[in-house]
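> what follows is a predicted protein model with its sequence.
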Amino acid sequence: MSERKLKAGVVGLGRGAARMVQEMAVSQHTELYAAADVDPDVLARFHAKFPAARAYESIDQLAADPEVEAVFLSTPNRLHAEHAIRLAEAGKHVMVQTPMAITLDEMQSMIAAAERAGVHLLEGHSLAYMNWVRMIRQIVRSGELGKLGAIQIHASNQWLISVRTPEDLDPAEGGGVIYRNAPHQIDCLRLIGGGLLKSVRGTFGTWLPERRSPGFYMAYMEFADGTPAVVTQNSNGYFSLDDLVNRRLSAAQQAPGVVERGAIRAAIRNGTRNDRATYVEMGIGRSLDYGDAGTTAAPSEPSDAGFADYDLPPGMVIVSCERGDILQSPDGLYVYADDGLREIKLAQGGHQFIWYLQLEELYNVVVRGHKAFHSGRWGMATMEAALAITESARTHSDVELKYQVEMDPDFDRVYSIEPVGVTRFS
């Protein structure tokens, strides 16, 4: 007897939901049953593209639908807590788009509401679902390279000068790179390191006058067992680490991208950049050619695909152990050990894709009764470390963490990953 489909809804049809909507539409396990958005034009474009799904004008209308079992919540960050609580009280399981909420008090209220209602609250859109992050965790936990020594994650990209709405940039609205990007880095390092961070010492910078929003941060974090971790990001759009990590481009090949990003900054400075109009075009109504989202890789050009940028790595990740180092390769991972260098090649896209995997976790939790690995408490622990960067910058001191949780060891069984090939270099 085949398993039933999960009837799922989406609340908030902006850019953050577009990839998940595509994934739900082709999922074998989940039915794109309903969606809600307060913008009638956005809702109309959604209904034109997915006519079989119910379209609601408010979250309350969707929450009142007894057929909707679970909801992917992608409303503005400042509304995550209010909306998650409303959905939980209506008996809906909720997966919340990163960042989980604005404050720790909000997150605690969300968790409490879900527990009172007997529903699950999950953190969604975590880059820790990525295949190479899970493989790094497997290698570390296997002990083949000895004890974990340190984790470094360095990012340099153009996030700050990309298409942004005002709420994308305002920390009071959950904007800026500490809310938007740091959780992805921290989720990855917490998964690799086990989850239990102890303290954070960090700072941030607001350097681009035309974008008065944090575009840089740097933090030193320490796990409960003493393992150190460093996370950095510069999103002002000059040097792009993607040129180095993913494409191995020469300086001549990188130059056109540098010039293009310079033109974007110039448009921002002279006021000719219309972020709002472009943002709308990148929403649900835009024609996205992802083929069968659940079984194919993402498009090769993130700037053209619109949403593939969500699936890029959180930066250059270097994991050092007693007897070796691990970092990304173009097709998976490089492992440097005493017996030489090998590349572990990993599957790309399909059932290794983060959107497929997070939707699968939602299905496993709700329909199959499995435990939630990226639970609300896991999400709050990640955001606690991200928010500590801002607090440490304010106080110029270490911030001790209180809400950290360990990743359940069963994660490695459920989310185990096998290489598609291994190449050894002498």
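Looks like it arrived, so ask away. Here the structure is a predicted model, which is why all the values come from computation and not from measurement. Numbering: from 1, shown residues only.
> can we go C-alpha only for contacts and neighbour counts from here?
OK.
> walking through the stretch 51-200 of the chain, point out its strands one by one.
Secondary structure of the stretch 51-200 of the chain by DSSP state E, counting those that start in this stretch: the strands cover 54-56, 70-73, 93-97, 121-124, 148-156, 197-205.
> so which of those comes closest to residue 242?
Taking Cα to Cα, strand 148-156 is the member of the strands of the stretch 51-200 of the chain nearest to residue 242, at 7.7 Å.
> and the contacts of the closest one?
Residues outside strand 148-156 that contact it (Cα atoms under 8 Å, 6 or more residues apart in numbering) are 140, 185, 189, 193, 227-237, 239-242, 314-322.
> go again using 7 Å as the cut-off
Residues outside strand 148-156 that contact it (Cα atoms under 7 Å, 6 or more residues apart in numbering): 140, 185, 189, 227-235, 239-241, 314-322.
> given it, what are its sheet partners and their directions?
Applying DSSP bridges, strand 148-156 is found paired with strand 228-234 (parallel), strand 316-321 (antiparallel).
> got the CA positions of it in PDB?
The C-alpha trace of strand 148-156 is given here as PDB (Å, rounded to 0.1, in the frame of the first residue of the first chain):
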ATOM      1  CA  LEU A 148      38.000  17.400  15.000                       C
ATOM      2  CA  GLY A 149      40.300  20.400  15.400                       C
ATOM      3  CA  ALA A 150      38.700  23.500  13.900                       C
ATOM      4  CA  ILE A 151      36.100  24.700  11.400                       C
ATOM      5  CA  GLN A 152      36.400  27.700   9.200                       C
ATOM      6  CA  ILE A 153      33.800  29.200   6.900                       C
ATOM      7  CA  HIS A 154      34.700  32.200   4.800                       C
ATOM      8  CA  ALA A 155      32.200  33.900   2.400                       C
ATOM      9  CA  SER A 156      32.700  36.800   0.000                       C
END
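> chain center to it: distance?
17 Å (Cα atoms, centre = their mean, to the nearest Å).
> check which helix or strand covers residue 369.
Assigned by DSSP states H and E, residue 369 belongs to no helix or strand.
> quick one: contacts of stretch 389-402?
If you take Cα under 7 Å, 6+ apart as the criterion, stretch 389-402 is touched by 198, 199, 200, 201, 202, 203, 204, 219, 388.
> just to revisit the earlier point, in JSON lines: the strands of the stretch 51-200 of the chain, plus mean neighbour count and distance to residue 401.
Below are the strands of the stretch 51-200 of the chain laid out as JSON lines (neighbours: other Cα atoms under 10 Å; distance: least, Cα to Cα, whole Å):
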{"stretch": "strand 54-56", "mean neighbour count": "19", "distance to residue 401": "40"}
{"stretch": "strand 70-73", "mean neighbour count": "27", "distance to residue 401": "27"}
{"stretch": "strand 93-97", "mean neighbour count": "26", "distance to residue 401": "22"}
{"stretch": "strand 121-124", "mean neighbour count": "28", "distance to residue 401": "19"}
{"stretch": "strand 148-156", "mean neighbour count": "21", "distance to residue 401": "18"}
{"stretch": "strand 197-205", "mean neighbour count": "22", "distance to residue 401": "5"}
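> in a markdown table: these, plus mean pLDDT and distance to residue 348.
Formatted as a markdown table, the strands of the stretch 51-200 of the chain follow (pLDDT from 0 to 100; distance: least, Cα to Cα, whole Å):
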| stretch | mean pLDDT | distance to residue 348 |
| --- | --- | --- |
| strand 54-56 | 97 | 32 |
| strand 70-73 | 98 | 24 |
| strand 93-97 | 97 | 23 |
| strand 121-124 | 95 | 20 |
| strand 148-156 | 95 | 21 |
| strand 197-205 | 97 | 30 |
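> can you redo those strands as a markdown table with distance to residue 113?
Below are the strands of the stretch 51-200 of the chain laid out as a markdown table (distance: least, Cα to Cα, whole Å):
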| stretch | distance to residue 113 |
| --- | --- |
| strand 54-56 | 23 |
| strand 70-73 | 15 |
| strand 93-97 | 11 |
| strand 121-124 | 9 |
| strand 148-156 | 34 |
| strand 197-205 | 26 |
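> out of the ones you listed, nearest to residue 339?
Nearest to residue 339 among the strands of the stretch 51-200 of the chain is strand 148-156 (18.2 Å), distances taken as Cα to Cα.
> out of the strands of the stretch 51-200 of the chain, flag the one nearest residue 12.
strand 70-73 (6.6 Å).
> what helices and strands are in contact with the closest one?
Contact here means 3 or more Cα pairs under 7 Å, 6 or more residues apart in numbering; DSSP states H and E; on that basis strand 70-73 packs against strand 6-11, strand 93-97.
> present those strands as JSON lines; the columns should include distance to residue 423.
Shown next, in JSON lines, are the helices and strands packed on strand 70-73 (distance: least, Cα to Cα, whole Å):
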{"stretch": "strand 6-11", "distance to residue 423": "40"}
{"stretch": "strand 93-97", "distance to residue 423": "37"}
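> what count of nearby residues applies to residue 409?
By the criterion of other Cα atoms under 10 Å, residue 409 has 11 neighbours.
> is it correct that it falls within a strand?
No: per DSSP: H, G, I helix; E, B strand; the rest coil, residue 409 lies outside any strand segment and is coil.
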